[in-house]
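Chemist: Build me a model:
(chains A, B, C, D, E, F, G, H, I and J)
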There are 10 protein chains.
Amino acid sequence: MLYLVHMQVNIPDTLPKAEADRLKADEKAYAQKLQQAGTWRHLWRVAGQYANYSVFDVAGNDALHETLTALPLYPYMSIQVTPLAQHPSAIAAN
Amino acid sequence: MLYLVHMQVNIPDTLPKAEADRLKADEKAYAQKLQQAGTWRHLWRVAGQYANYSVFDVAGNDALHETLTALPLYPYMSIQVTPLAQHPSAIAAN
Amino acid sequence: MLYLVHMQVNIPDTLPKAEADRLKADEKAYAQKLQQAGTWRHLWRVAGQYANYSVFDVAGNDALHETLTALPLYPYMSIQVTPLAQHPSAIAAN
Amino acid sequence: MLYLVHMQVNIPDTLPKAEADRLKADEKAYAQKLQQAGTWRHLWRVAGQYANYSVFDVAGNDALHETLTALPLYPYMSIQVTPLAQHPSAIAAN
Amino acid sequence: MLYLVHMQVNIPDTLPKAEADRLKADEKAYAQKLQQAGTWRHLWRVAGQYANYSVFDVAGNDALHETLTALPLYPYMSIQVTPLAQHPSAIAAN
Amino acid sequence: MLYLVHMQVNIPDTLPKAEADRLKADEKAYAQKLQQAGTWRHLWRVAGQYANYSVFDVAGNDALHETLTALPLYPYMSIQVTPLAQHPSAIAAN
Amino acid sequence: MLYLVHMQVNIPDTLPKAEADRLKADEKAYAQKLQQAGTWRHLWRVAGQYANYSVFDVAGNDALHETLTALPLYPYMSIQVTPLAQHPSAIAAN
Amino acid sequence: MLYLVHMQVNIPDTLPKAEADRLKADEKAYAQKLQQAGTWRHLWRVAGQYANYSVFDVAGNDALHETLTALPLYPYMSIQVTPLAQHPSAIAAN
Amino acid sequence: MLYLVHMQVNIPDTLPKAEADRLKADEKAYAQKLQQAGTWRHLWRVAGQYANYSVFDVAGNDALHETLTALPLYPYMSIQVTPLAQHPSAIAAN
Amino acid sequence: MLYLVHMQVNIPDTLPKAEADRLKADEKAYAQKLQQAGTWRHLWRVAGQYANYSVFDVAGNDALHETLTALPLYPYMSIQVTPLAQHPSAIAAN
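Modeler: Purely as a prediction, here's the structure:
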């Protein structure tokens, strides 16, 4: 089941740089692991912003919530979720 | 080059049903042709709304504009465009 | 799987009263059938508005979309969907 | 009498972790006590956010205010209240 | 129990003037009857707008909804409700 | 002359608790004095929020501004003012 | 007493041109009479819009409301009122 | 050439009081000098807020920008500019 | 003097097509004449929308207002104006 | 390919002045280098604000993102991007 997720990252100035760097590295590793597993189906940068639009393929709302709250940068993100359904004109199944 | 496009359809009551049906059929054919060509890379329905999120792969802003304004339902759509860039953590190229 | 759904009804003046009355009766029958089936788990009126907050229990995004677009008053509704997950402090399962 | 309540939690970085953990534990205990008493009728997590939608069943506006301001995390919450009325198509009484 | 209610009136051009005048007269009579009964405790015009802020004293959410939907101009109003509680610094009971 | 005033209180974490308590006590005393004088005609708590809706009866815009800026908690408030006029259907004079 | 007033004019297509022209002429005559009387102290066009910002000098909220609702184009205006007070750094009295 | 300018002042708690007082005194002196010169034509307090609406009479956009950025409190202001044109019903030239 | 202008075109369904076509042709001719004269310095289409961002070089607010209200499609446009000043890092004069 | 970019600068009080000055100098040098290269085609100050509207001419979304994130002040900017297409009435090519 697919969800469009918009994530905006706001890392505060008060977070030490080393800690921020560690979180970003963890985030990247986590993101790539989930992409390889097919859970994080798409990951695009919003041009000009520290934000992304992503598409997740998960079993449902609970799985989505668990996946997102496990993001290393989750405490510094503002997240919006849009549930996606099959479009009748789409040539591919969701 | 990828763009996330949000389309909200608002067909007015004053449009005769036959004309609306014809436009919807044309829209579907056009959408499927563009999907097969790889231009309209993704097409998802927003759950609960007469709206979609789509991803277009086009040569640039002009090609995107031409593609969108050629939509049979374009005169009845409210459209928002978000340009997408390669995300450094993405495992696939855009 | 639960979704909170906000529906605002805007029936235009141009719809003949007999047609509006028929749609409202159909809507009521449909709503009660879905409630009895357990799909439409909660239905509350927003005080002072021709609007409701509802909770649907469906298999996922596609089932939700099909259920909502089948509402007799769907063409005259503005709908917002919020996917709900299990809250760790809730004493009941969703 | 029912109210839909949206709570968004924003715990500042400056709150010591031990204090935050204590508040969260208190919040959970309080939430479960009120759920068992029937006051906090529903508690759902908003998928992807540190937020919830809840339904409270209280004697009225004063009781609701007292209940909400007694939440251990109340100082760190942004709260919106929607009063709910009986929907004419609902098969259950509020 | 008190509620602050904001009502904005939007009578469409398509409503015949005689019908609009009748509705306004009915609205005035209804408003004055409820004021005399103590239900519609305050009624103020928003300066410069066809809108009012009102305070209603009713048994609860259901009574409020019934009172508001019985307004003769209700179909042409946009209404927002704010539930009010006793303020600890107020010298009068609500 | 009446004004509806919405006050939202945002006391920062950095204000020492003793200072905040003193300001709140001053605010309460000031509010009660103005209510007894008839200047602060109504004071209601917004259910679920650290906010109030109030009605002030003052000589005009200057008197209102002086009254509000003299609030002990004024530096920590976000204030919105709505000027009120006599409603033609009101049975009481403003 | 001064008020800043923002007026946005939205004359519908359905109003016959002769009627619209008559209303505009009446509006102009009324505006000039009030300016000469000192009630309508300033009248400025918002560049690029069918809108104005005005300053009215009236006895209070009731007088302002009467003045504004007597505007010939009032039924086609969206109006926002901001009450103005004496600024401590102003060299002129309001 | 006239511009309506809305200034909202937000002095942070972290600014030492002596520095804030000095800036406010400088701001007042600067405002009065510009008023006497005719550049800052009007200065009104927004009732209930630490904000003002002002009208500036300057040679153009560059002069306006230079005037506003020279305000001693400029670093702590949120500013909105509306360019004003001659209104055809105004009896005075801008 | 430069202004950034955002124009959104909303031609109603009720305008006869021939009239709309005539207005669009007039608009194009007018736009090209002003571009050749240097008044309408830039004209860009917003990708995916019936809207444009333009830069006008005019003598001031009055000239801008006259230029914009003379647009053949002006009655069907929603226009927002942003006055532009010389940027200190720009290598070209405005 | 052209993009309209709105940048709003928010340098926090906590950034040491010397560091802020260095970043501003770097920003200016970078901006001028890109202008000379033709990448940063236009740069205008928004009158009254620490903000600018710019037009960039780059190969596409990725080049735009790289260019913007390389801005020395990027970490302190809020950026909005609008992709621009050729306008059919423009006399110059984008």
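
Chemist: what does the biggest strand by length in chain A rub up against?
Modeler: When chain A is parsed with DSSP state E, its longest strand is strand A:77-86. With contact meaning CB atoms under 8 Å, 6 or more residues apart in numbering or on different chains, strand A:77-86 is reached by A:1-10, A:55, A:64, A:68, A:71, A:93-94, B:44-47, B:53, C:3, C:61-62, C:64-66, C:81, C:83, D:47-49. (Each C-beta comes from the backbone N, C-alpha and C, glycine too.)

Chemist: buried residues in that strand?
Modeler: For strand A:77-86, a neighbour-count test (16 or more other CB atoms under 10 Å in any protein chain shown) marks A:Met77, A:Ile79, A:Val81, A:Thr82, A:Pro83, A:Leu84, A:Ala85, A:Gln86 as buried.

Chemist: For chain G, what is the nearest residue in chain A?
Modeler: A:Gly48 (27.0 Å; CB to the nearest CB).

Chemist: Quickly find the element holding that residue.
Modeler: Secondary structure from DSSP states H and E places A:Gly48 outside every helix and strand.

Chemist: Equivalent analysis for A:His42, please.
Modeler: strand A:40-46.

Chemist: measure stretch A:6-18 end to end?
Modeler: Using CA to CA, to the nearest Å, the end-to-end distance of stretch A:6-18 comes out at 26 Å.

Chemist: what do you get for stretch A:6-15?
Modeler: For stretch A:6-15, by CA to CA, the gap between its terminal residues amounts to 23 Å.

Chemist: any bit of that stretch sitting next to chain D?
Modeler: Yes - residues of stretch A:6-15 contacting chain D under CB under 8 Å from any CB of the partner chain: A:Pro12, A:Thr14, A:Leu15.

Chemist: Highest neighbour count among the residues you listed?
Modeler: A:Leu15 (14 neighbours; other CB atoms under 10 Å in any protein chain shown).

Chemist: Name the SS class of it, please.
Modeler: Assigned with DSSP: H, G, I helix; E, B strand; the rest coil, A:Leu15 falls in the coil class.

Chemist: Report pLDDT for the residue nearest to A:Lys24 when sequence neighbours are not counted.
Modeler: Spatial nearest neighbour of A:Lys24, chain neighbours left out: A:Leu73 (7.1 Å); criterion: CB to CB, 6 or more residues apart in numbering or on different chains. Confidence at A:Leu73, expressed as pLDDT, is 98.

Chemist: Helices of chain A, residue ranges please.
Modeler: A:17-37, A:61-69 (DSSP state H).

Chemist: mind putting these in TSV, mean neighbour count and mean pLDDT included?
Modeler: Formatted as TSV, the helices of chain A follow (neighbours: other CB atoms under 10 Å in any protein chain shown; pLDDT from 0 to 100):
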stretch	mean neighbour count	mean pLDDT
helix A:17-37	14	98
helix A:61-69	20	98
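
Chemist: In contact with the most centrally placed residue in chain A, which residues?
Modeler: Nearest to the mean C-alpha position of chain A, counting by CA atoms, centre = their mean, stands A:Ser54 at 5.4 Å. Counting by CB under 8 Å, 6+ apart, A:Ser54 touches A:Leu4, A:Val5, A:His6, A:Met7, A:Trp40, A:Arg41, A:His42, A:Leu43, A:Trp44.

Chemist: What distance do you get for it to A:Leu23?
Modeler: 18 Å (CB to CB, to the nearest Å).

Chemist: now A:Thr14
Modeler: 14 Å.

Chemist: Specify the beta-bridge partners of A:Leu84.
Modeler: Beta bridges link A:Leu84 to B:Val46 when assigned by DSSP bridges.

Chemist: correct me, but A:Lys24 touches A:Leu71?
Modeler: No - counting by CB atoms under 8 Å, A:Lys24 sits too far from A:Leu71 to count as a contact (11.2 Å).

Chemist: Quick check: neighbours shared by the two?
Modeler: With CB under 8 Å, 6+ apart, A:Lys24 and A:Leu71 have no common neighbours.

Chemist: For chain I, what's its nearest residue on chain A.
Modeler: For chain A, CB to the nearest CB, closest residue to chain I: A:Ala47, 12.4 Å.

Chemist: Any idea how many residues pack against that residue?
Modeler: A:Ala47 - counted by other CB under 10 Å - has 30 other residues nearby.

Chemist: and what of A:Asn10?
Modeler: 10.

Chemist: Identify all contacting residues around the strand holding A:His42.
Modeler: Outside strand A:40-46, the residues touching it (CB under 8 Å, 6+ apart) are A:2, A:31, A:34-35, A:51-57, A:67, B:2, B:4, B:42, B:55, B:82-90, B:94, J:65.

Chemist: let's see it at 7 Å
Modeler: Applying CB atoms under 7 Å, 6 or more residues apart in numbering or on different chains, the external contacts of strand A:40-46 come out as A:31, A:34-35, A:52-57, B:2, B:82, B:84-87, B:89-90, B:94, J:65.

Chemist: Give me the mean pLDDT for that strand.
Modeler: 98.

Chemist: Buried residues of that strand, list them for me.
Modeler: For strand A:40-46, by 16+ other CB under 10 Å, it's A:Trp40, A:Arg41, A:His42, A:Leu43, A:Trp44, A:Arg45, A:Val46.

Chemist: Find the closest residue to chain F in chain A.
Modeler: A:Thr14 (13.3 Å).

Chemist: which pair in the buried residues of strand A:40-46 spans the largest distance?
Modeler: A:Arg41 and A:Val46 (17.1 Å; CB to CB).

Chemist: So the residue of chain A closest to chain G sits against J:Ala70, correct?
Modeler: No - using CB atoms under 7 Å, A:Gly48 makes no contact with J:Ala70, being 11.5 Å away.

Chemist: Roughly how far does the residue nearest to the residue of chain A closest to chain F when sequence neighbours are not counted sit from F:Leu15?
Modeler: Leaving aside its sequence neighbours, A:Thr14 sits nearest to D:Asp13 (CB to CB, 6+ apart; 6.0 Å). D:Asp13 sits 17 Å away from F:Leu15, going by CB to CB.

Chemist: go on, A:Lys33?
Modeler: 44 Å.

Chemist: Could you pull up the residues touching the spatially closest residue to A:Ala85 that is not a sequence neighbour?
Modeler: Distance criterion CB to CB, 6+ apart; nearest residue to A:Ala85, sequence neighbours excluded, is C:His65 at 3.8 Å. By CB under 7 Å, 6+ apart, the contact set of C:His65 is A:Ala85, B:Arg45, B:Ala47, B:Gly48.

Chemist: Widest-spaced pair of these?
Modeler: Farthest pair in those, by CB to CB: B:Arg45 and B:Gly48, 9.1 Å.

Chemist: Fine by me, thanks again.
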